[in-house]
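In: the sequence and its predicted three-dimensional model are supplied below.
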Amino acid sequence: MSPELLTVVMFGGLLAGLFMGHPLPFVLGGVAVIAAFLGPGFGAFGIIVNRIYGGVMDNYVLVAIPLFILMARFLNDSGVTDRMFETLRLALGRVRGGLTLAVVVVSVLLAATTGIVGASITVMGMIALRPMLEYGYQKELSVGTVMASGTLGILIPPSIMLVLMASYSPLSVGELFAGSLVPGLLLGLAYAVYVVITCLLRPDWGPPVAESELQDISRGEIAGRLLRHVLPPIGLILGVLGALFTGVATATEASAIGAFLAFVMMVGYGQFTPRRFMVSLLETGKVTAMVLWVIVGATAFTGVFNIGGGMRMVQELLIGADLSPAVLIFVMLAIVFLLGMFLDWTGIVLLSFPIMLPVIEAMELDPLWFVVMMAVMLQTSFLTPPFGYALFYLKGVAPPEVGTLHLYRGIVPFVLIILGMIGLMALFPGIVTWLPEQLFG
Amino acid sequence: QTQWTMTTTWPSSLELIELDRHWVELANQLAGDELQITFHEGGSLMPGTQVFDATSAGDIDAAGDWPGYWAGRSPAFGPLASTPMLFNGADYLNWIQEWGGFEVYQEVYGEYDMVYLPYGITNNESGIRTNEPIRSIEDFEGLRLRVSGRDQGRVLERLGAQQVSLAGGEIYQALERGVVDGAEFSVPGVDYEAGFHEVTDYWLTPGWHQSASVFGVMINRNSWDALSEETRNALITASEATLAWSLAWSERRSNEGTRQFQEAGVEITRLPDEDLVELQQIANEVIVESACEDERIARVYHSQVSYLEDYAAWRDVSKPFNLSRSYEELPDLEAIEECL
Amino acid sequence: MHTVLRAVDGLNEWTGRIIAVATVFIVLFTIYDVGSRALFSRPTDWAFEVTKQLYALHFMMLGGYALLHRSHVEVDVFKERLSARGQALLDVLGYLVFFLPFVIVLLAYSIRFASRSWASGETTYGILAIPVYPIKTVICIAAVLLALQALATFARAVTVLLRGEERAHVA
Ligand code: NA
Ligand code: NA
């Protein structure tokens, strides 16, 4: 089978399986096996197992993934998220669009305590969306903010996506965390600015919380709650990132420290019960298996695609087109954007890294800069239909008056902000490289 | 025409891949009528750690390697790859081509249904890179060092240092952050490319831990047996030519690398001669000790030390123009023999 | 038939509950390792390999558990618009076309893979020789757990397809 035909068969099969609603890991793995049978032959079957063991199981960097997920679950299951939102709702209550602003701030904080996107969006959808709609917030603005901010979890460190990206690139987890911190925070800031400006221009889209409700609670009381409910998670963030950036601990070690501290917070808030603890472990198990089995399927897929010559063909296509570096980067990021309409980030990272990173290397461009731009671009993969996981997560918990079209319209401004941020990063690579240079020289 | 799929343990970012590329190019030239080898850089078909298993199973036809990576399968792979304080590059060349070494490789790899063609020798590795200078073997006390190889770890243990296992890609950062006190990786040219001059100030020589190294290609037995005698000979000829070239190539690169480290301001320290004598004694004991733990490693060391004893007649006569070095003392061959 | 399906659900449920605890040990071992490095500058020489193997055990063995709880990434925007029978038909096709070939190859080739490791008594390559064959065998076990759970899902889908019943959902 020619590489061209192989490419058509594999990506066609992938799309077909996705539209059928079959679990993604098995679509990827199944397409790999069928394509290997039609093309490269039985040797590829053995290589699939070799890749699963050597690339996914025997991989110390990826040990951080279950631990960061566990850290997020401990925080979520001990009600930290709920209390953070309630506190910020009151603190920002007098501001126009204050509730949406609270959603952005809480989401950024959650993102910095790992931020499992599914968990963040479902929780914010459950606790924040209803009050927003009750106060008469515009539906599109409300759902857009919840989805876009919730997606920051995968970008702002610590992030399991960045751990995976580090494991499959020449970059270290520390470099990627440092490189993504500024763009992630800037993106959060851009969302906040957008929300505030929109609500200034259209006051009816984001009315402030009723005075009557705010009069019951003093400023001192709000300050006290900020100390109790917002400061400890910030302390946890600083502890984990500090341990990593100062070199006291590796990413995996920092994730274990983070999970342990989150457990201590669960106990400290009086939320520990054996049952709740077990639920955290089980939910961690489900999300870990979900993420890593996609990687298992994707490593089978890319392995066969590579052996069959598809990888080489696409690379030669990209390099041979004789494009300028700027155009080439534009093309590759556009491909990531398009893939993001259909695949989740795990699949995209595994499919695109082996093709694109050698191209970046061949053009002698900075891989850190490119990978972080790609990480920002992958924010859109959650938001863009037809397969946007943020859309699914929120649809699952949103009140019935929120329709699919509200969701689709809601994400448009945020996707534009993301694309604008990537443009800025392309023009000013310092947004990415400044912090890593300060930390690692 | 037969098609072979071949890969290697080395990613394209590591210069050692040149050894594999050199052989593939020659082999395709010499045997091109019957055999076409398609070479994939390391890590692209499967992680470098998996190429042994994939070749053994016949999932791919061949893979370039450094035998020491397979010590988890059998400790015999250790001395097939390098030795602490024993063989230099000339010894490996002599032993492989004229003192029965080639057959030892076939015996060990044959257990796993593979044929082995050694095609790369790099002479002495750089040594240990640290941020505090090491000037004598007393300075090893208490250090945490990334050094590869089991017997090397045992020597370190006797010096009071701790061996740390790190993959090649993790060394730079581990040095930068003080996770280890020092590390060895490869020859100077390769070390410089890896950027160790950016994270260490001192370089201890000589590279006693790995006095020379061997690289080669593992070939699945069925793939090998399917070739004509003529093609097999062409592959062997290609490996012998690559073997000779690799010595000169790696020495030139080591020389360039050393100059680059000097220009980068790295201070080169050297163990005093009397310390090297003591280190030789420790290494000799460790070699006997590990030979007596496992018969498979005993057979390799026995063949190697026998060669050194035999070669002593001419080697010591031709001093100082001898190709190998002169040994004050060798590992106890009789003790190794008793463990066979 | 019903009992068999329940037994499969139970097997993966209990596997999940037991294996999920592995993360606790990964955290404890890692913290012990960091602690003994920071306090006594003597890190363990086992934590690295042991935590890595526990991590592999954890996510691999939970593949079937995640399938039981429908936690694997899947997109049902299109599927959910179909009738119960239409959905069942897509499930049946999906498991036959994609899942079946994958799990057969995973099982058959992981058995070969693990048995080569058993045959040579393979250990880790560093100075501390920890056996590797048990963790390689985990791939075979994970494939079996996954296949059993898929078979249960498949059987339920076939029942719906034949009898037109409401989609039998497992929680
Ligand atoms: Na995060
Ligand atoms: Na999408």
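Out: Sure thing, it's come through. Ligands and ions are numbered 1, 2, ... in the order given.
In: who are the contact partners of whatever residue of the stretch 201-340 of chain B ends up closest to chain A?
Out: Nearest to chain A, among the residues of the stretch 201-340 of chain B, is B:N220, at 9.9 Å (C-beta to the nearest C-beta). For every residue, glycine as well, the C-beta is placed using N, CA and C. Neighbouring residues of B:N220 by C-beta atoms under 8 Å, 6 or more residues apart in numbering or on different chains: B:55-58, B:60-62, B:113-114.
In: output the helix-or-strand element of chain C with minimal mean pLDDT as PDB, nothing but the C-alphas.
Out: One helix or strand of chain C scores below all others by mean pLDDT, DSSP states H and E: helix C:22-40, with a mean of 90. Taking C-alpha atoms only, helix C:22-40 is exported to PDB below (Å, rounded to 0.1, in the frame of the first residue of the first chain):
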ATOM      1  CA  ALA C  22      -2.000   2.000  43.600                       C
ATOM      2  CA  THR C  23      -1.800   5.900  43.400                       C
ATOM      3  CA  VAL C  24      -1.600   6.100  47.200                       C
ATOM      4  CA  PHE C  25       1.500   3.900  47.100                       C
ATOM      5  CA  ILE C  26       3.000   5.900  44.200                       C
ATOM      6  CA  VAL C  27       2.500   9.100  46.300                       C
ATOM      7  CA  LEU C  28       3.900   7.600  49.500                       C
ATOM      8  CA  PHE C  29       7.000   6.000  47.800                       C
ATOM      9  CA  THR C  30       7.800   9.200  45.900                       C
ATOM     10  CA  ILE C  31       7.500  11.300  49.000                       C
ATOM     11  CA  TYR C  32       9.600   8.900  51.000                       C
ATOM     12  CA  ASP C  33      12.200   9.000  48.200                       C
ATOM     13  CA  VAL C  34      12.200  12.900  48.100                       C
ATOM     14  CA  GLY C  35      12.300  13.000  51.900                       C
ATOM     15  CA  SER C  36      15.300  10.700  52.300                       C
ATOM     16  CA  ARG C  37      17.100  12.600  49.500                       C
ATOM     17  CA  ALA C  38      16.400  16.000  51.100                       C
ATOM     18  CA  LEU C  39      17.100  15.000  54.700                       C
ATOM     19  CA  PHE C  40      19.800  12.300  54.400                       C
END
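In: spatially central residue in the chain, please.
Out: Since you didn't name a chain, this refers to chain A. Taking C-alpha atoms, centre = their mean, the centroid of chain A lies closest to A:I154, which sits 2.2 Å from it.
In: think we crossed wires, I meant chain C
Out: In chain C, the centroid-proximal residue (C-alpha atoms, centre = their mean) is C:G63; its distance is 2.5 Å.
In: pull the number of nearby residues for the residue lying closest to that one once chain neighbours are set aside.
Out: Closest residue in space to C:G63, ignoring its immediate chain neighbours: C:L146 at 4.7 Å, by C-beta to C-beta, 6 or more residues apart in numbering or on different chains. By the measure other C-beta atoms under 10 Å in any protein chain shown, the count of residues near C:L146 is 28.
In: give me the neighbour count for B:F102.
Out: B:F102: 18 surrounding residues under other C-beta under 10 Å.
In: touching stretch A:429-441 from outside, list them.
Out: So stretch A:429-441 is contacted by A:174-175, A:178-183, A:186, A:245, A:366, A:368-369, A:372-373, A:424-425, B:176 (C-beta under 8 Å, 6+ apart).
In: what sits against whichever residue of chain C sits closest to ligand 2?
Out: Using C-beta to the ion, the closest approach of chain C to ligand 2 is made by C:V75 at 9.6 Å. Residues in contact with C:V75 (C-beta under 8 Å, 6+ apart) are A:18-19, A:21, A:24, A:386-387, A:392.
In: picking that back up, next up, the contacts around the residue nearest to the residue nearest to the centre of chain A when sequence neighbours are not counted.
Out: Spatial nearest neighbour of A:I154, chain neighbours left out: A:M161 (4.5 Å); criterion: C-beta to C-beta, 6+ apart. Contact analysis of A:M161 by C-beta under 8 Å, 6+ apart lists A:154-155, A:345-346, A:349, A:375, A:378.
In: now do A:L181
Out: Residues in contact with A:L181, defined by C-beta under 8 Å, 6+ apart, are A:156-157, A:241, A:435.
In: what about it, which helix or strand?
Out: For A:L181, the host element (DSSP states H and E) is helix A:173-201.
In: and whichever helix or strand comes after that helix, what does it pack against?
Out: Counting by DSSP H and E, the next helix or strand C-terminal to helix A:173-201 is helix A:211-215. Applying 3 or more C-beta pairs under 8 Å, 6 or more residues apart in numbering or on different chains; DSSP states H and E, we find helix A:211-215 packed against no helix or strand.
In: just how off-centre is helix A:211-215 within its chain?
Out: 36 Å (C-alpha atoms, centre = their mean, to the nearest Å).
In: for it, what is the average pLDDT?
Out: Average pLDDT, helix A:211-215: 72.
In: got the contact list for that helix?
Out: The contact list for helix A:211-215 (C-beta under 8 Å, 6+ apart) reads A:90, A:93-94.
In: take those residues and keep only those in helices.
Out: A:L90 (DSSP state H).
In: rewinding a little: enumerate the positions of the least confident helix or strand of chain C that are buried.
Out: Applying a neighbour-count criterion of 16 or more other C-beta atoms under 10 Å in any protein chain shown, one finds C:22-23, C:26-27, C:29-31, C:33-34, C:37 buried in helix C:22-40.
In: counting contacts, what elements does it pack onto?
Out: Under the contact criterion of 3+ C-beta pairs under 8 Å, 6+ apart, helix C:22-40 touches helix A:64-77, helix A:251-268, helix A:274-307, helix C:47-61.
In: so for ligand 2, which of those sits nearest?
Out: helix A:274-307 (14.3 Å).
In: the closest one near chain B anywhere?
Out: Yes: under the criterion of C-beta under 8 Å from any C-beta of the partner chain, helix A:274-307 makes contact with chain B via A:303, A:306-307.
In: with respect to ligand 1, which of the residues you listed is nearest?
Out: A:G303 (29.0 Å).
In: got the contact list for the closest residue to the closest one other than its chain neighbours?
Out: Nearest in space to A:G303, with sequence neighbours left out and distances taken as C-beta to C-beta, 6+ apart, is A:R51 at 4.7 Å. Contact partners of A:R51, counting by C-beta under 8 Å, 6+ apart, are A:299-300, A:303, B:46-47, B:50.
In: coming back round to it: need the contacts of C:V75 in TSV with pLDDT, neighbour count and secondary structure, can you?
Out: Shown next, in TSV, are those (pLDDT from 0 to 100; neighbours: other C-beta atoms under 10 Å in any protein chain shown; DSSP: H, G, I helix; E, B strand; the rest coil):
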residue	pLDDT	neighbour count	secondary structure
A:L18	88	21	helix
A:F19	88	17	helix
A:G21	90	20	coil
A:L24	90	26	helix
A:P386	82	13	coil
A:F387	81	22	coil
A:F392	81	17	helix
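In: give me the angle between the lengthiest helix in chain C and helix C:47-61.
Out: As assigned by DSSP H, the longest helix anywhere in chain C is helix C:133-163. Interaxial angle, helix C:133-163 versus helix C:47-61 (axes from the mean of the first three to the mean of the last three C-alpha atoms, to 10 degrees): 10 degrees.
In: might you name the residue of the stretch 201-350 of chain A sitting closest to ligand 1?
Out: For the stretch 201-350 of chain A, C-beta to the ion, closest residue to ligand 1: A:I237, 9.3 Å.
In: quick one: pLDDT of the closest residue to that residue other than its chain neighbours?
Out: Distances taken as C-beta to C-beta, 6+ apart place A:A112 nearest to A:I237, at 4.4 Å, with adjacent residues excluded. On pLDDT, A:A112 comes in at 85.
In: just the contacts of A:M161 that are near ligand 2?
Out: Residues of these in contact with ligand 2 (C-beta under 5 Å from the ion): none.
In: appreciated, that's everything.
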